[in-house]
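J.: just coords:
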């Protein structure tokens, strides 16, 4: 897999967020719920809110699920496999006035959504914008 740099980020590029909780999506309506995009709280004063995603452009479904199984599930507290994923475009992140930081850790395709505001209410609004733009992909 090729390594990526910040300069490789394209607005039309697909990013995927893995979903582990049934209450974070509705399979009947095909909708993703805003809590899917809840950022991790900063660990210290110099850190910031971050939402982990993977850059999945030009990967097939099997390759995308493999990343989830081999990298995301291992980090999940209960080591549960993902139930679904939320796919959206980097442009939708920019539309929500957030940014993508392609850090490549623990996988070359890993990135974080950054630029989250400190206010809970403002974060809720941005999570809702991302959820509205996301396409739900159920694991078969």
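T.: Arrived safely. Note that this is a predicted model, so its numbers are computed, not measured.
J.: Please report how far residue 122 lies from residue 70.
T.: According to C-beta to C-beta, to the nearest Å, residue 122 stands 34 Å off from residue 70. All C-beta atoms are positioned from the backbone trio N, CA, C, and that covers glycine.
J.: can you give me the helices in the protein?
T.: Using DSSP state H, the helices found in the chain span residues 61-67, 73-75, 90-95, 120-133.
J.: Poorly predicted segments of the protein, please.
T.: 1-7 (pLDDT under 70).
J.: how about a cut-off of 90?
T.: The chain contains residues with pLDDT under 90 at 1-9, 43-47, 73-81, 140.
J.: before we move on, the earlier item: of all the helices of the chain, which one is nearest residue 112?
T.: Residue 112 lies closest, by C-beta to C-beta, to one member of these: helix 90-95, at 10.4 Å.
J.: Quick check: buried residues in that closest one?
T.: Within helix 90-95, the residues that count as buried by 16 or more other C-beta atoms under 10 Å are 90, 92-93.
J.: Stretch 42-54 too?
T.: Using 16+ other C-beta under 10 Å as the test for burial, stretch 42-54 gives 48-54.
J.: hmm, what's the outermost residue in this protein?
T.: Largest separation from the mean C-alpha position in the chain: residue 45, at 23.2 Å (C-alpha atoms, centre = their mean).
J.: Give me the phi and psi angles of that one.
T.: The phi/psi pair for residue 45 (degrees, to the nearest 10) reads phi -60, psi -30.
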